[in-house]
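Colleague: return a 3D structure for these sequence lines:
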Amino acid sequence: MKKEYIYLDYNATTPLRPEAWGIMRDILDTSHAYNASSIHHFGRKARKYIEDARVQVAKLVNADANQVIFNSGATEGNNTILLHFAKTYPDDTILIADGQHPSIMKSLAILDNIKTIPIDKGGIVNIKELETLLSNNKISLVSCSYASSETGSIQNVSELSDLTHKHGALLHCDATGAAGKIPLNIKESNIDFLTISSHKIGGPQGVGALIIGICGQSPALLFGGGQEKHMRAGTQNVAGIAGFGAASQAALESLNEYQKLGLLRTKLESKLKELSPDIIIHCKDIKRIPNTSFFSSPSINAQNILMALDLEGIAISSGSACSSGSVKPSRVLTAMGLDEKTASNSLRISMGWATKESDIKTFLSEWEKIIRRVTN
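Modeller: The predicted model follows:
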């Protein structure tokens, strides 16, 4: 009998939505060859696929289609923004919120004039510290995740934007953890740069977008042809972009339904506390994206639990980042002030568009068996 697997790691990547696969399958038909730079029939058809997707992605974040620049994903978008400001304003400082994705945090090691903004115990940017940094330094850019893909905590982006612009700087938000999970509005939030990835919303991997606000900046990382308004050279991935667009439309249309995952998470966390009273649920009292639960327990070894669940066909995530065979504590938890042991023994459950209530019931049943086994 084929083993049934339960996938609860949507913040890492998501299964491909049927809507995305449907249009990608048509484009990838071997009887066609699509290059959007060609002027013949197939080139024109490729451009239509791309421009339709541009509209779909723009609607997901309430932007205009001409603000959307397609790329390979949020990592590229984040690099594009940081490198642009480091090169264009070499005498200014870039501020990045602590505990973000490595595509942001590794700029500390490779770029000059980068400073971190402290976050509080809920993973939220310390506004007083930010204001002090903005007042005492010449700042060109502030970069902050819209929502943490680890804890699920949501930043007060409008407040960050107001303060940043008050001091003459621009705001970049990595919205990879928020897109498709909560309503996004680049215009109302007055965000200057927004980065998102297709595979986090049910689209294909290797595709993303940089959405540029009305800020007068034109950051570019790759140079060559004139694709994407000369802002991202290279032959466009027509099938990937079209799948991204279809996933964006599907995510937007099901956004209200997606919020019901918050009710399922409440049941999950309540039962977890019942089964393991010493569990610490991180950011429980902070506004969070509805699909994410991030927790630690001082009495368990997170890696052992992770492997035990995997053997039972249940995929969740450790809150620790693995590098070169070593396990390191979650950066966001240490930035929030938690001790190394707690930060290392953290686990994340992230649900998504195909998650069923029965998936959570099965997880809890297996959790109870494993906890009894490892604690007796």
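
Colleague: can you show me the helices along the stretch 251-376 of the chain?
Modeller: Using DSSP state H, counting those that start in this stretch, the helices of the stretch 251-376 of the chain run over residues 255-258, 261-275, 302-311, 331-335, 340-344, 357-375.

Colleague: give me the buried positions along the third one.
Modeller: Judged by neighbour count (16 or more other Cβ atoms under 10 Å), helix 302-311 contains these buried residues: 302, 305-306, 308-309. Every C-beta, even on glycine, is put in place using the N, C-alpha and C of the backbone.

Colleague: residues touching the closest residue to residue 122 other than its chain neighbours, list them.
Modeller: Spatial nearest neighbour of residue 122, excluding adjacent residues (Cβ to Cβ, 6 or more residues apart in numbering): residue 286 at 4.1 Å. If a contact means Cβ atoms under 8 Å, 6 or more residues apart in numbering, then residue 286 has 122-124, 151, 153-154 as its contacts.

Colleague: how about residue 338?
Modeller: Counted by Cβ under 8 Å, 6+ apart, residue 338 has contacts residue 296.

Colleague: just the pLDDT for it.
Modeller: Predicted confidence (pLDDT) for residue 338: 84.

Colleague: before we move on, back to that, now, which of the contacts of residue 286 sits nearest residue 363?
Modeller: Nearest to residue 363 among the contacts of residue 286, counting by Cβ to Cβ, is residue 151 at 19.1 Å.

Colleague: I'd assumed the closest one was in a strand, is it?
Modeller: No. Looking at residue 151 with DSSP: H, G, I helix; E, B strand; the rest coil, it is coil, so not inside a strand.

Colleague: that one touches residue 289, doesn't it?
Modeller: No. In this structure, residue 151 is not within contact of residue 289 by Cβ atoms under 8 Å, at 9.4 Å.

Colleague: pull the contacting residues for residue 318.
Modeller: By Cβ under 8 Å, 6+ apart, residue 318 lies in contact with 302-303, 306, 327, 346-348.

Colleague: read off the pLDDT value for it.
Modeller: pLDDT at residue 318 comes out at 85.

Colleague: quickly list what it is bridged to.
Modeller: residue 347 (DSSP bridges).

Colleague: rewinding a little: pick out whichever of residue 151 and residue 289 has more residues nearby.
Modeller: Set residue 151 next to residue 289 and count neighbours by other Cβ atoms under 10 Å: residue 151 wins out with 30 against 26.

Colleague: where does the protein have its least confident helix or strand?
Modeller: Every helix and strand in the chain was compared by mean pLDDT, DSSP states H and E; the lowest is strand 321-323, with a mean of 44.
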